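Engineer: Coordinates only, no sequence provided:
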């Protein structure tokens, strides 16, 4: 089938073989990223959002992890079939990644200028001087004040927000086509989070980088993403454009997630401040229920939900929901 | 309603050793905080990391020594109490922490962990205590059979329930929650928030909720105090502060929160820079280097809290 995806993930299945058993972290996940879009991936801890991203980057520790199945198609090649050397050429150059805690992903004994320049030197074969100039240019781009002086500093001399800017500078140094951002603002204070979100949106609009934005925060999704994937227990349960997801929420889990988030200004006048909660907890990845993984916590579950895994039903163009309740919408004439 | 807890001009300063032979420097973690908590009320303390909200909570329980100020709990000045009287009083004040795993002994069963404070304070005999532990477990939504297990066998949300049961064991009057739901996933966070609301009514508790999450605080609290660099910059009834924030910092903080509604128009005030170091706080108003509305007086005179109308106070030169 012909499509215009920049990167396409097909039937990705990643498992971890541990002494406790097999953890089914990512189960049969398929999606694509269009050029220049921000695709949000949202879900709670253990839903497989980070493992999906790490699989795309081939950063899964093996063993215990193993990509059991699937294809990751980028520029006409399957990333999973590349050698380590070939993958290293793509990683950091065409596809790069930023992480939640910049302190653990930066080298503490190298100046930040050197670390940013290193990426450029490696992928573009630039000289020492050129790469340092590039580092200063990138630091200016991510709005680090006094970039030339800061380039000579070490990570511990910078604040959390500044370190995340350094990570972004490093990730964007080679002008990648895809940026994978794994909870990039979670460790930051809200006012600094606002600065980083603003910076990412500006840079993204200018450089037209496609972003895979992984977060647990529906607020960040609403403000940044064009399209959203909702994950639960290693599976995609809903995917839609951001407006559709919030406006015509399909999956009971997505609804539950939205209702359980406290939102400022939503406390009702009678002072009743109880939140809608999702009962129970996320199933263990070592022992996923047969049928729909959300069924044990779902208020609408029927007997079929406990025995049969629902497929992703297309309820309207671009809006897919993994729930038996949507089966009828699906059969009402939309082409699968 | 009478005040259960009153903090007056609390200061907590930590000395930090600098370089060899350099003079010792001082972190002004809490720098003159006055707050009060009425019986049955929930007070929220919000602010970003390093603003002194946790230190204020710890100082209120005398878990760290304050440098200056008075703490009055249930009509008694805590400084006047002898060590064993302080222990008696501390039964009435309990704390819930952010990470329930690190605050539970991994080698103690849940029954023992919850029963321990009762044993220490000589409450009841063995069988009475066991009954109470089972009853508490049910109250927080766990089954009494789960009491024989160890903390690692529980999920984060369940561990926080255990932490709450332990805090309730001694029939406290006040619970200070330090980021009680921050480590939890949203669906679990809602469960714990609801539990906190339910037990507050049932046990007639007063809460201080310390959090960086303004939405959570709005949900549970009656009153809120916003802190910045060791000082309270705005304080008032929750509804009032959220709908009509006065201090430029509170305004920026509220506008910075991502709102889960893609159709909403954003009016975001983005603050430049980071929170300054509490070792050398800026002169005058400590917020002035980041303030979008600063003028001459701001870097010279420290603004005092001024009453703005019904119990709403703000420390800013714009409102003198």
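Structural biologist: On my side now, so go ahead. All figures in this text were calculated on a predicted structure; none of them were measured in a lab.
Engineer: secondary structure element for the residue nearest to residue A:47 when sequence neighbours are not counted?
Structural biologist: The shortest distance from residue A:47 to any non-neighbouring residue, by Cβ to Cβ, 6 or more residues apart in numbering or on different chains, is to residue A:231 (4.3 Å). Yep, even glycine has a C-beta here, placed from its N, CA and C like the rest. Assigned by DSSP states H and E, residue A:231 falls within strand A:227-232.
Engineer: Show me how far that strand is from its chain's centre.
Structural biologist: 9 Å (Cα atoms, centre = their mean, to the nearest Å).
Engineer: For whatever helix or strand comes next after that strand, name the packing helices and strands.
Structural biologist: Per DSSP H and E, strand A:227-232 leads on to strand A:235-241 as the next helix or strand towards the C-terminus. Packing partners of strand A:235-241 (3 or more Cβ pairs under 8 Å, 6 or more residues apart in numbering or on different chains; DSSP states H and E): strand A:21-33, strand A:227-232, helix A:252-260, strand A:319-321.
Engineer: contact partners of strand A:235-241?
Structural biologist: By Cβ atoms under 8 Å, 6 or more residues apart in numbering or on different chains, the surrounding residues in contact with strand A:235-241 are A:27-31, A:48, A:226-231, A:245, A:248-251, A:253-254, A:293-294, A:312, A:318-323.
Engineer: The residue of chain A found nearest chain B - how many residues pack around it?
Structural biologist: Residue of chain A nearest chain B, by Cβ to the nearest Cβ: residue A:219 (3.0 Å). By other Cβ atoms under 10 Å in any protein chain shown, 19 other residues sit near residue A:219.
Engineer: Surely it touches residue B:258?
Structural biologist: Yes - using Cβ atoms under 8 Å, residue A:219 makes contact with residue B:258 at a distance of 3.0 Å.
Engineer: Test my guess that residue A:102 contacts residue A:161.
Structural biologist: No - using Cβ under 8 Å, residue A:102 makes no contact with residue A:161, being 9.3 Å away.
Engineer: Surely the residue nearest to residue A:47 touches residue A:43?
Structural biologist: Yes - checked against Cβ under 8 Å, the pair residue A:231 and residue A:43 is within contact range at 3.8 Å.
Engineer: Now do the shared contacts for the two.
Structural biologist: Counting by Cβ under 8 Å, 6+ apart, the common neighbours of residue A:231 and residue A:43 are residue A:49.
Engineer: Could I get the full set of strands for chain B?
Structural biologist: Using DSSP state E, the strands of chain B run over B:3-16, B:25-38, B:42-46, B:68-73, B:76-77, B:93-96, B:174-178, B:206-211, B:223-228, B:231-237, B:306-307, B:313-314.
Engineer: tilt between the third one and strand B:223-228?
Structural biologist: Counting by axes from the mean of the first three to the mean of the last three Cα atoms, to 10 degrees, strand B:42-46 points 20 degrees away from the direction of strand B:223-228.
Engineer: Can strand B:42-46 be said to contact chain A?
Structural biologist: No - using Cβ under 8 Å from any Cβ of the partner chain, strand B:42-46 stays clear of chain A, coming no nearer than 9.7 Å.
Engineer: what's that strand packed up against?
Structural biologist: Identification of packing neighbours for strand B:42-46 by 3+ Cβ pairs under 8 Å, 6+ apart yields strand B:25-38, helix B:53-60, strand B:206-211, helix B:214-220, strand B:223-228.
Engineer: The fourth one too?
Structural biologist: Taking 3+ Cβ pairs under 8 Å, 6+ apart as the contact definition, the neighbouring helices and strands of strand B:68-73 are strand B:3-16.
Engineer: Name the residues of the strand it packs on that come out as buried.
Structural biologist: By 16 or more other Cβ atoms under 10 Å in any protein chain shown, the buried positions in strand B:3-16 come out as B:3, B:4, B:5, B:6, B:7, B:10, B:11, B:12, B:13.
Engineer: Point out the residues in the stretch 201-336 of chain A that sit beside chain B.
Structural biologist: Within the stretch 201-336 of chain A, the positions adjacent to chain B are A:216-223, A:242-243, A:246-247, A:256-258, A:260-265, A:267, A:273-279, A:281-282 by Cβ under 8 Å from any Cβ.
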